[in-house]
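Engineer: only the shape, not the letters, is given here:
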């Protein structure tokens, strides 16, 4: 009996030790980082470049997923003003960004004008169209531009036409698009004779020709400010993506897509 009792006590002792060892081992393990999804509202002209940035960033930060909301900068700004759950805003113009800053919605420590671009006039590649230069635009039957009130590229196009004294002449021929990529599609498909887009948009298409580069003095500076939205529920991760997008490697990647670094 004494031998049986001694054996039972020994087994109990080892059992308690094993449980204690297991708990210590579990306590020492690193808890996997929680998955976080960031929503980035960005100008449509940034689409290809930002998709590449997403791939590179997610490879180094597997716990963070990037979800894009591409569109016209003015429309995106209104969504954020009205409370849309957005973590970062990448605008194609200063005005929508400044409105959010004035409303106190942009993190002042994580905001910067990152890129610059150029406005160009494009025409369909197939066939010899009526538009071969900026002066030819009055010969076009249909001209596509973004809605000036919400699409920065459309605003720049309107400023250009007004500066050239052509706005009143071409206004009846204008076809308005919801964003700059829709302008590009209209021209690619031949539904219009010409359209105003950014150089980066034109370079992304094999179906259009750049017939003229618009002199920068004919419109406001084309800049791309980026900022973290203060109401983000994932500020730490949003700041990480902001830091990546403003880093040297990311800026080099943007340049490969035709953008210029902001001065």
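Structural biologist: Received it, and whenever you're ready, just let me know what you need. Note that the coordinates shown come from a computational prediction; the quantities given were computed from them, not determined experimentally. Numbers count the residues shown, from 1 in each chain.

Engineer: so where do the strands sit in the stretch 1-150 of the chain?
Structural biologist: For the stretch 1-150 of the chain, the strands defined by DSSP state E, counting those that start in this stretch cover 36-43, 64-71, 88-90, 106-116, 119-124, 143-146.

Engineer: which one of those strands lies closest to residue 175?
Structural biologist: strand 143-146 (4.7 Å; C-beta to C-beta). For every residue, glycine as well, the C-beta is placed using N, CA and C.

Engineer: what's the closest one packed up against?
Structural biologist: helix 152-163, strand 174-177, helix 180-188, strand 194-198 (3 or more C-beta pairs under 8 Å, 6 or more residues apart in numbering; DSSP states H and E).

Engineer: deepest of the strands of the stretch 1-150 of the chain, which one?
Structural biologist: Ranked by mean neighbour count, the strands of the stretch 1-150 of the chain are led by strand 143-146 with a mean of 27 (mean count of other C-beta atoms under 10 Å).

Engineer: can you list the neighbours in contact with that strand?
Structural biologist: Contact partners of strand 143-146, identified using C-beta atoms under 8 Å, 6 or more residues apart in numbering, comprise 72, 137, 151-155, 157-158, 170, 173-180, 182-183, 186-187, 191-196.

Engineer: and those, which are buried?
Structural biologist: 72, 137, 151-155, 157-158, 170, 173-174, 177-180, 182-183, 186-187, 192-196 (16 or more other C-beta atoms under 10 Å).

Engineer: related to what we said a few turns ago, which of the helices and strands packed on strand 143-146 sits closest to residue 214?
Structural biologist: Using C-beta to C-beta, the helices and strands packed on strand 143-146 put helix 152-163 closest to residue 214, at 5.2 Å.

Engineer: so how far is the closest one off the chain centroid?
Structural biologist: With C-alpha atoms, centre = their mean, to the nearest Å as the basis, helix 152-163 stands 22 Å off its chain's centre.

Engineer: spatially nearest residue to residue 238, not counting backbone neighbours?
Structural biologist: Among residues not flanking residue 238 along the chain, residue 87 sits closest, at 4.2 Å (C-beta to C-beta, 6 or more residues apart in numbering).

Engineer: what is the burial count for that neighbour?
Structural biologist: 24 (other C-beta atoms under 10 Å).

Engineer: hang on, it packs against residue 36?
Structural biologist: No - with contact defined as C-beta atoms under 8 Å, residue 87 does not count as touching residue 36 (9.3 Å).

Engineer: identify the contacts common to the two.
Structural biologist: Shared contacts of residue 87 and residue 36 (C-beta under 8 Å, 6+ apart): 234, 237.

Engineer: and the gap between residue 215 and residue 118?
Structural biologist: 10 Å (C-beta to C-beta, to the nearest Å).

Engineer: more crowded one of those two?
Structural biologist: The neighbour count for residue 215 versus residue 118, taken as other C-beta under 10 Å, is higher for residue 118 (18 against 13).

Engineer: phi, psi of the more buried one?
Structural biologist: As for residue 118, its main-chain torsions (degrees, to the nearest 10) stand at phi -130, psi 140.

Engineer: that one contacts residue 199, correct?
Structural biologist: Yes - contact between residue 118 and residue 199 holds when scored by C-beta under 8 Å: they sit 4.3 Å apart.

Engineer: overlap in contacts, these two.
Structural biologist: Listed contacts common to residue 118 and residue 199 are residue 213; contacts here mean C-beta under 8 Å, 6+ apart.

Engineer: center of the chain - which residue?
Structural biologist: residue 42 (3.1 Å; C-alpha atoms, centre = their mean).

Engineer: format the strands of the stretch 1-150 of the chain as TSV; extra columns: mean pLDDT and distance to residue 209.
Structural biologist: Shown next, in TSV, are the strands of the stretch 1-150 of the chain (pLDDT from 0 to 100; distance: least, C-beta to C-beta, whole Å):
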stretch	mean pLDDT	distance to residue 209
strand 36-43	98	23
strand 64-71	98	25
strand 88-90	98	28
strand 106-116	97	23
strand 119-124	96	5
strand 143-146	98	15
